[in-house]
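[1] based on what follows, work out the 3D shape:
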Amino acid sequence: MGHVSNTEHVSNAEHVSNAEHVNTGTTEETGRRSETVDTDTGPARITWFPATDTAKSFPATDTAKTPGTRPVLALGHGAGGGIEARDLQALAAALPAHGVTVALVEQPWRVAGKRLAPAPKTLDTGWRGVWPALTAAGGPVVAGGRSAGARVACRTAAELGARAVLALSFPLHPPGRPEKSRADELLGTGVPTLVVQGGRDPFGRPDEFPPGEYEIAEVPYGDHGFAVPKKTGPGQDAAMGILTAAVTGWLAALV
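    Model (predicted):
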């Protein structure tokens with residue numbers, strides 16, 4: 001059984017909508033920019049955090065791509081919040097220095113200001129709609145997200161040709177309902193997959209996950225949002241350090 005930083009490994013095409021790029025805004029100090037993309041379920045928004053270490057790159061995953069192109073980690077949010085989630089922001093802050101461009105994707109329902117997420121099929125349609133924008137640079141794209149966004153990434157990975165899947169706080173089951181397992185979504189990605197899970201996540205603790213062809217890293221004491229208790233946990237900054245180190249190491253191993 002292998003290890004990533006202070007985490008434990010339990011190891012374990014193509015249907016897209018035509019995306020129309022509508023608006024682009026850039027923050028010149030950081031290179032961060034936002035882009036609105038029309039999808040079949042309404043406008044979605046991508047916030048880009050470009051790689052800053054240009055000396056690093058991943059090889060192309062097929063002959064149609066140019067070797068050495070920059071990898072993109074695309075991350076969707078959950079059903080109860082947006083891209084301001086601490087785990088998404090921590091990865092967006094940390095990974096560009098390791099040669100990875102991060103794209104935080106806001107689903108159309110969130111961009112429209114709605115409070116309730118739509119059905120899973122609608123979320124999948126919105127994700128498909130932004131995929132051409134995510135792949136436009138020609139580099140490999142790792143599909144990912146937290147909670148409901150992780151489920152979307154798992155369900156669509158093989159269809160869209162994702163290089164791998166990053167599932168943050170994968171909701172293995174509703175709280176208190178372990179018999180309502182969603183393990184089939186996780187086990188069916190068809191690509192290398194990393195789950196990062198809080199040690200006390202009510203949607204599924206790491207020890208509840210079934211064996212399979214994936215890896216899992218634990219953030220000790222973390223809840224579904226990776227919040228850790230002040231008295232017993234490693235501290236919030238340390239918890240985010242565990243998460244970003246696990247993801248950085250896993251991405252590097254994909255080369």
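
[2] how about the helices of this protein, start to end?
    Residue ranges of the helices in the chain, as given by DSSP state H, are 86-94, 108-111, 120-135, 148-160, 183-187, 236-253.

[3] against which helices or strands is the second one packed?
    Using 3 or more CB pairs under 8 Å, 6 or more residues apart in numbering; DSSP states H and E as the contact criterion, the secondary-structure elements in contact with helix 108-111 are strand 42-49, helix 120-135. The C-beta positions use only the backbone N, C-alpha and C, and glycine is treated the same way.

[4] just the angle between the last one and strand 42-49, please?
    Orientation check (axes from the mean of the first three to the mean of the last three CA atoms, to 10 degrees): helix 120-135 against strand 42-49 gives 50 degrees.

[5] CA atoms of helix 120-135 as PDB?
    C-alpha atoms of helix 120-135 as PDB (Å, rounded to 0.1, in the frame of the first residue of the first chain):
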ATOM      1  CA  PRO A 120     -27.600  14.900 -12.000                       C
ATOM      2  CA  LYS A 121     -28.300  14.600 -15.700                       C
ATOM      3  CA  THR A 122     -28.600  18.400 -16.000                       C
ATOM      4  CA  LEU A 123     -25.300  18.800 -14.100                       C
ATOM      5  CA  ASP A 124     -23.700  16.400 -16.500                       C
ATOM      6  CA  THR A 125     -25.000  18.300 -19.500                       C
ATOM      7  CA  GLY A 126     -23.600  21.600 -18.100                       C
ATOM      8  CA  TRP A 127     -20.200  19.900 -17.600                       C
ATOM      9  CA  ARG A 128     -20.200  18.500 -21.200                       C
ATOM     10  CA  GLY A 129     -20.900  22.000 -22.400                       C
ATOM     11  CA  VAL A 130     -17.700  23.500 -20.900                       C
ATOM     12  CA  TRP A 131     -15.400  20.600 -22.000                       C
ATOM     13  CA  PRO A 132     -14.400  22.100 -25.300                       C
ATOM     14  CA  ALA A 133     -13.200  25.200 -23.600                       C
ATOM     15  CA  LEU A 134     -11.200  23.100 -21.100                       C
ATOM     16  CA  THR A 135      -9.500  21.200 -23.900                       C
END
